[in-house]
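A.B. asks: just coords:
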């Protein structure tokens, strides 16, 4: 009798234990099932940039644009020299998928002109940061490095008053020192092939003619309607020489590619000052054409 009573008791105890284990296992199973989904959401990679390749830099600027930017090309009579001058020289790079550039230098009777075009494709190696965001950060550092002056209440609208604080006074005070009455190229649209080169090479090395252009419109500034964001710098440097060299730089970003244009001119005549407006118009016209060619 005692043995018969004992066996059912053991069975009941085992059943209770098994029921408890089954309940615990079910709860644990529910928690485990939710983990993979949560982890997958947290580690989702950011979107890649629009561009996976870069253009061939020395072929990115057409002949007509080069003739407008480098008036001395038309003075070259030797065929070999002409071909070399038009071809440009590729800049040194170790990864043509990430950074490429080309430079040109041409001398004329009035001035020596330099042109540099640089393309940089930005890639983020952080899954939480997109290529575009990484490029935006790099562009921001480039913009901060030129110390753009604060936008003024008056002007042509090229400055963007709502794009964040500007660093102190510009290191390029000469942008307003040499406006000219010469014809201006389109500043934010068109392409190198849509207009002719300047009819007078000497117009870019003289600043003696007064102009109706407001000097504040020629100051280093943010640019609108060019890529996703853009800025222009204008610097006049006379150190170490009696002839003043002006360098106009336009930098713009479209998606994960940053394009830099450096356009410099040094007159042959002592005391001559390169024309700020004309050089800015030429550089901006080229920038607009390159943005169009990138599809930006």
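C.D. replies: Received, thanks. Everything quoted here is computed from the prediction, not taken from an experiment.

A.B. asks: which stretches in the stretch 101-250 of the chain count as helices?
C.D. replies: For the stretch 101-250 of the chain, helices defined by DSSP state H, counting those that start in this stretch occupy the ranges 131-145.

A.B. asks: list the buried residues of stretch 49-60.
C.D. replies: Going by neighbour count (16 or more other CB atoms under 10 Å), the buried part of stretch 49-60 is 49, 50, 51, 54, 55, 57, 58, 60. Just so you know, the C-beta spots here come from the backbone N, C-alpha and C atoms, and that holds for glycine as well.

A.B. asks: out of those, who's nearest residue 83?
C.D. replies: Comparing those against residue 83 with CB to CB picks out residue 58 as the nearest, at 12.2 Å.

A.B. asks: name the SS class of the closest one, please.
C.D. replies: helix (DSSP: H, G, I helix; E, B strand; the rest coil).

A.B. asks: measure it to residue 145 for me?
C.D. replies: For residue 58, the distance to residue 145 (CB to CB, to the nearest Å) stands at 26 Å.

A.B. asks: helices and strands around the helix or strand hosting residue 281, which ones?
C.D. replies: Here residue 281 sits within helix 276-294, counting by DSSP states H and E. Under the contact definition 3 or more CB pairs under 8 Å, 6 or more residues apart in numbering; DSSP states H and E, helix 276-294 sits against helix 63-69, strand 229-237, strand 245-254, strand 257-267.

A.B. asks: let me have these in JSON lines, adding mean neighbour count and distance to residue 137 as columns.
C.D. replies: Output for the helices and strands packed on helix 276-294, formatted as JSON lines (neighbours: other CB atoms under 10 Å; distance: least, CB to CB, whole Å):
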{"stretch": "helix 63-69", "mean neighbour count": "19", "distance to residue 137": "30"}
{"stretch": "strand 229-237", "mean neighbour count": "22", "distance to residue 137": "12"}
{"stretch": "strand 245-254", "mean neighbour count": "24", "distance to residue 137": "10"}
{"stretch": "strand 257-267", "mean neighbour count": "23", "distance to residue 137": "11"}
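
A.B. asks: residue 294 is nearest to which of those?
C.D. replies: strand 245-254 (5.5 Å).

A.B. asks: what is the orientation angle of that closest one with helix 131-145?
C.D. replies: Relative orientation of strand 245-254 versus helix 131-145 (axes from the mean of the first three to the mean of the last three CA atoms, to 10 degrees): 160 degrees.

A.B. asks: so who does residue 256 touch?
C.D. replies: Residue 256 makes contact with 48, 49, 50, 51, 121, 122, 123, 131, 132, 134, 135, according to CB atoms under 8 Å, 6 or more residues apart in numbering.

A.B. asks: tell me the pLDDT of it.
C.D. replies: Residue 256 carries a pLDDT value of 95.

A.B. asks: pLDDT below threshold where in the chain?
C.D. replies: The chain contains residues with pLDDT under 70 at 1-44, 151-214, 216, 238, 240-241, 296.
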